[in-house]
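In: After the sequence you'll find the predicted model.
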Amino acid sequence: MSAVGLPFDERFLMHRLRATSIASMAGGGVALGLFLYHDLVDHHWDWELLSVGIVMAAVKQGLMLWYRFTN
């Protein structure tokens, strides 16, 4: 049920799921891309960007495995 009293359509929920998934992949890609840029240009490892990218990838893969075995 939505805040305005109209029920949500299943298509809306699937679009929201896909948008969230794509946004998380884009965020992880940007974090790892910036990490590689700093490594190649500045010759400096930015550990915060690396950790954000790794955590996003690990959570995504972990949830995919969880849903695969529990669904």
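Out: Everything's here; your move.

In: contacts and neighbour counts: CA atoms only from here.
Out: Will do.

In: which regions of the chain sit below the pLDDT cut-off?
Out: Across the chain, the ranges flagged by pLDDT under 70 are 1-6.

In: All the helices of this structure, in order from the start?
Out: Assigned by DSSP state H, the chain shows helices spanning 10-37, 47-70.

In: and the gap between the nearest residue to Gly28 once chain neighbours are set aside and Val59?
Out: Counting by Cα to Cα, 6 or more residues apart in numbering, Gly28 lies nearest to Gly53, which is 4.6 Å off, once chain neighbours are set aside. The gap separating Gly53 from Val59 is 10 Å, by Cα to Cα, to the nearest Å.

In: do the same with Gly33
Out: Taking Cα to Cα as the measure, Gly33 falls 18 Å from Val59.

In: more crowded one of those two?
Out: Taking neighbours as other Cα atoms under 10 Å, Gly33 and Val59 compare with Gly33 leading, 15 against 11.

In: need the contact list for the spatially most central residue of the chain.
Out: Among the residues of the chain, the one closest to the centroid is Ser24, at 1.9 Å (Cα atoms, centre = their mean). Each residue near Ser24 by Cα atoms under 8 Å, 6 or more residues apart in numbering is listed here: Met56.

In: count of neighbours near Leu32?
Out: Neighbours of Leu32 (other Cα under 10 Å): 19.

In: list the contacts for it?
Out: Leu32 touches Leu49, Leu50, Gly53, counting by Cα under 8 Å, 6+ apart.

In: same check, this time on Met64
Out: Contacts of Met64 (Cα under 8 Å, 6+ apart): none.

In: quick revisit: which one of the contacts of Leu32 sits closest to Leu13?
Out: Closest approach to Leu13 among the contacts of Leu32 (Cα to Cα): Gly53, at 26.0 Å.
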